[in-house]
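Colleague: quick one, what's the 3D model for this:
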Amino acid sequence: MKPAEGRQRVIIEEIQPQVDCGRYPARRFLGDTVAVSAAIFSDGHDHVAARLFYKHEGDDGWQSTAMAALPNDLWSASFTVDKIGVWSFTIQAWVDHFDTWCADLKKRLAAQPDPASPDRRDLPPQDIPLAFTIGALLLDQAAKRATGPDAKQLKDLAASLRSLAAQNAAVYEYPLSPELEALAARYPDLSYATSAAQELPLWVDRERARFSSWYELFPRSTSPDPTRHGTFADVELLLPEIAAMGFDILYLPPIHPIGRAYRKGPNNSTTAGPEDEGSPWAIGSAEGGHKAIHAKLGTLADFDRLVAATRASGMELALDIAFQCSPDHPWVAAHPDWFIHRPDGTIQYAENPPKKYQDIYPLNFESPDWQGLWDELRSVFQFWIERGVRVFRVDNPHTKALPFWEWCIADLHRDTPDALFLAEAFTRPHVMYSLAKGGFTQSYTYFTWRTGKAELQAYFEEVSRPPVSDFFTPNVWPNTPDILHASLQTGGRPAFMQRLILATTLAASYGIYGPAYELGENLPAKPVSEEYLDSEKYQIRRWDRSASHSLAPLATRLNQIRRTNPALQSDLSLHFHIVDNPQIICYSKSATPPVPADDGAPFDVSKADRLPIAPMQPNVILVAVNLDPHNEQAGWIDLDLGVLGIAHDETFDVEDLLTGIHYQWHDRSNYVALRPDVMPAHIFRVTRQG
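Modeller: Numbers count the residues shown, from 1 in each chain. Here you go, the predicted structure:
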């Protein structure tokens, strides 16, 4: 089939970033500079020009910027995203006849014979005057596309070329300045320009989607009175302590009424006594479902006060959204077709053989009333959004229909683009990645089960680089209420320190389930189990948050280091360095701080704890971690100096931000020794001496 316009000679290929050929938006964060690249070329030797177009969905028109040529037919340009939400970008390219003429003329002039040469021909080089005439014609055409003074200047330039063509000079000089070349380039001939096959989508999240520190707790375990159930008011009293630790998101497990039918007892027992509280994930009772509050926690008014108090403390409140029901949930009676019915007429409860969850009914996403189900589930999010919640941790989204999430999140984002969604999806990579492509802001990861050096490096290289980093933002958790990894069960306090340091420095977003984590809770429900003994999922726990062995001071220091070093606030610069000991992992991150505005404003006292950074030097963080929680490990680090911005044979300063001790290092090979019982890691800030 013939093309609509066969004179469009330029080809545009391999545009990046794009996800699945533009099926899903690539993801960036507010303030990012979005680098766009493409392969752009044409036949023959004619020059090509290209420009990048971009806009936010709320903009009236497109903005554009010229693309720069790179080797091997690659082109690039960039733009800065200054609004959250949906953006689009595309590319237009064309054969640039004027630039081709300029380059050709320069070659002709360079090949002119020397007038002093004895073998010089007597006749003038007739091809150069002809070239001037061709250039004049191109400038006449550009003048017609221009307006005002530019049009006149281009016409005058065309006339000067014709005047040159009429001369009989021995040698000609190049007649155009860079400024005149740029003037003509502003009015290209786009008659046969090629446009990219599609406008590519881009989703831009707010900054907290890129960099966040999560703290999870069970409100029912927060009461200072051991004889009663915790409340929202009790959580509110803990806010100053949690904020002082440096966390910016407080995440609560489900806060809804808990069903009585098949309620679980302590340690997941299938029999519960009258005083047993049951699992918060068995949602729904006669008191209500996903839009109701468990009465022992408080009222909706109490919840509203907690949301406001959390925000006033500098944090945000994240809610758990678990789309499943107890047998007592109002949906079961009102919408029985939203559930799977077995041949004996009973509703199918949740199972993950050999595990059985008789207290939970999963939803049926193949229900004949799937549209009604989708609308109701979306309304759950909307209900809590209207009460001021903007962050949601979604339970097991991979067990719900993937098209539902794509529709639901996009629909919610239309009116609430600042809403963030964390996918708790410990599942197969393609499914995890599909959830991210479909709209989830962040995702839990395999970090919990990656304990060896090689597997940690391989996994984080995968998720911190394109193509995965174009749509997937990791959030790493060393523990959750469901997961007490074997390394924490057997590694003692050093293992908890090690995993916390890895989580806070490998990823820009991380979380812990506390206070179980900082207190070193490490007893499993049974051997070869990742379930906690006396898990808070099934009973109220009493915690001594002031215990002397608590890792809260370490968590506080790590969060302070993260907040005051831009290098740790993004994943894209992560780079691993070679160490000759397989038990020591070493990696770096870097960032260039913005130029501060010299507005004469007084120093901000609220930022007085900020660690000093050498003015205008890149912020470079180098981390070395002993992965053996039982033994001292030592080794030589072979630094990639180019990544660190250090010259060969240069001496530089490394400051351990955990201890404040400075070391003078030289060149690429440097020695470390780490005792896990003292501190299993160094977190160095690297500073050049010059």
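Colleague: tell me where the stretch 101-250 of the chain has strands.
Modeller: When secondary structure is read from DSSP state E, counting those that start in this stretch, the stretch 101-250 of the chain shows strands at 194-195, 200-205, 212-216, 249-252.
Colleague: which residues sit against the last one?
Modeller: It stands for strand 249-252. Residues from elsewhere that reach strand 249-252, judged by Cβ atoms under 8 Å, 6 or more residues apart in numbering: 208, 212-219, 235, 239, 242, 310, 315-320, 391, 393, 511. All C-beta spots, glycine's among them, are computed from the backbone N, C-alpha and C.
Colleague: give me that answer again for 10 Å
Modeller: Identification of contacts with strand 249-252 by Cβ atoms under 10 Å, 6 or more residues apart in numbering yields 208, 212-220, 232, 235, 238-239, 242-243, 280, 297, 303, 306, 310, 313, 315-320, 391-393, 420, 422, 475, 509, 511, 513.
Colleague: can you report phi and psi for the residue nearest to Q348 when sequence neighbours are not counted?
Modeller: Among residues not flanking Q348 along the chain, I340 sits closest, at 4.1 Å (Cβ to Cβ, 6 or more residues apart in numbering). Torsion angles at I340 (phi, psi; degrees, to the nearest 10) stand at phi -90, psi 130.
Colleague: buried ones in the helix-or-strand element of the chain with minimal mean pLDDT?
Modeller: When the helices and strands of the chain are scored by mean pLDDT, DSSP states H and E, strand 355-357 comes last with a mean of 82. Residues of strand 355-357 classed as buried: Y357 (neighbour count, 16 or more other Cβ atoms under 10 Å).
Colleague: show me where the stretch 451-600 of the chain has strands.
Modeller: In the stretch 451-600 of the chain, the strands defined using DSSP E, counting those that start in this stretch lie at 509-513, 575-579, 584-591.
Colleague: winner for burial among those?
Modeller: The highest mean neighbour count among these, using mean count of other Cβ atoms under 10 Å, belongs to strand 509-513: a mean of 26.
Colleague: can you show me the helices along the stretch 451-600 of the chain?
Modeller: Using DSSP state H, counting those that start in this stretch, the helices of the stretch 451-600 of the chain run over 453-463, 486-490, 492-506, 552-564.
Colleague: for the last one, packing partners?
Modeller: The reference is to helix 552-564. Applying 3 or more Cβ pairs under 10 Å, 6 or more residues apart in numbering; DSSP states H and E, we find helix 552-564 packed against strand 212-216, helix 232-244, helix 492-506, strand 509-513, strand 619-626, strand 681-688.
Colleague: packing partners of the third one?
Modeller: With contacts defined as 3+ Cβ pairs under 10 Å, 6+ apart, the packing partners of helix 492-506 are helix 453-463, helix 486-490, strand 509-513, helix 552-564, strand 584-591, strand 619-626, strand 681-688.
Colleague: what of the second one?
Modeller: Helix 232-244 is packed against strand 212-216, strand 249-252, helix 300-312, helix 552-564, with contacts defined by 3+ Cβ pairs under 10 Å, 6+ apart.
Colleague: then the last one?
Modeller: When contacts are defined as 3+ Cβ pairs under 10 Å, 6+ apart, strand 681-688 sits against helix 492-506, helix 552-564, strand 584-591, strand 619-626, strand 651-656, strand 662-666, strand 669-674.
Colleague: list the pairing partners of that strand within its sheet, with orientation.
Modeller: strand 619-626 (antiparallel), strand 651-656 (antiparallel) (DSSP bridges).
Colleague: dump the ones you listed to TSV, plus mean neighbour count, mean pLDDT and distance to D114.
Modeller: As requested, these are exported to TSV (neighbours: other Cβ atoms under 10 Å; pLDDT from 0 to 100; distance: least, Cβ to Cβ, whole Å):
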stretch	mean neighbour count	mean pLDDT	distance to D114
strand 619-626	25	98	54
strand 651-656	17	97	53
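Colleague: would you put the C-alpha positions of stretch 60-71 in CSV?
Modeller: Extracted in CSV, the C-alpha atoms of stretch 60-71 (Å, rounded to 0.1, in the frame of the first residue of the first chain):
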residue,chain,number,x,y,z
ASP,A,60,-3.8,24.8,25.9
GLY,A,61,-1.1,24.0,23.4
TRP,A,62,2.2,22.2,22.8
GLN,A,63,5.6,23.4,23.9
SER,A,64,8.6,22.4,21.8
THR,A,65,12.4,22.3,21.9
ALA,A,66,15.0,21.4,19.3
MET,A,67,16.5,17.9,19.5
ALA,A,68,20.3,17.5,19.4
ALA,A,69,22.0,15.0,17.2
LEU,A,70,24.1,12.3,18.8
PRO,A,71,26.3,9.7,17.1
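Colleague: that one: how far from the chain's middle?
Modeller: Averaged C-alpha coordinates place stretch 60-71 at 24 Å from its chain's average position (Cα atoms, centre = their mean, to the nearest Å).
Colleague: again with stretch 249-262
Modeller: The chain centroid and the centroid of stretch 249-262 are separated by 29 Å, computed with Cα atoms, centre = their mean.
Colleague: and it, end to end?
Modeller: Start-to-end span of stretch 249-262 (Cα to Cα, to the nearest Å) is 33 Å.
Colleague: related to what we said a few turns ago, out of the helices of the stretch 451-600 of the chain, nearest to N626?
Modeller: With distances scored as Cβ to Cβ, the stretch of those nearest to N626 is helix 492-506 (6.9 Å).
Colleague: at which residues are the strands of the stretch 251-400 of the chain located?
Modeller: Per DSSP E, counting those that start in this stretch, the stretch 251-400 of the chain carries strands over the ranges 316-321, 324-325, 350-352, 355-357, 361-362, 391-395.
Colleague: and these, which one is worst for confidence?
Modeller: Comparing mean pLDDT over the strands of the stretch 251-400 of the chain, the weakest stretch is strand 355-357, at a mean of 82.
Colleague: partner strands of that strand, with direction?
Modeller: Using DSSP bridges, the strands paired with strand 355-357 are strand 350-352 (antiparallel).
Colleague: which of the residues in the strand it pairs with are buried?
Modeller: Neighbour-count burial for strand 350-352, counted by 16+ other Cβ under 10 Å, picks out A350.
Colleague: what about it, distance to the chain center?
Modeller: Relative to its chain's centre, strand 350-352 lies at 32 Å (Cα atoms, centre = their mean).
Colleague: ditto for stretch 24-43
Modeller: In terms of Cα atoms, centre = their mean, the centre of stretch 24-43 is set 16 Å apart from its chain centre.
Colleague: next, the buried residues of that stretch.
Modeller: Buried residues in stretch 24-43 (16+ other Cβ under 10 Å): 24-30, 32, 34, 36-38, 40-42.
Colleague: out of these, which is nearest to L674?
Modeller: Nearest to L674 among the buried residues of stretch 24-43: F29, at 33.4 Å, using Cβ to Cβ.
Colleague: contacts only, for the closest one.
Modeller: Neighbour list for F29: 81, 84, 203-211, 473, 508, 569-570 [criterion: Cβ under 10 Å, 6+ apart].
Colleague: try it again with 7 Å
Modeller: 204-205, 207, 209-210 (Cβ atoms under 7 Å, 6 or more residues apart in numbering).
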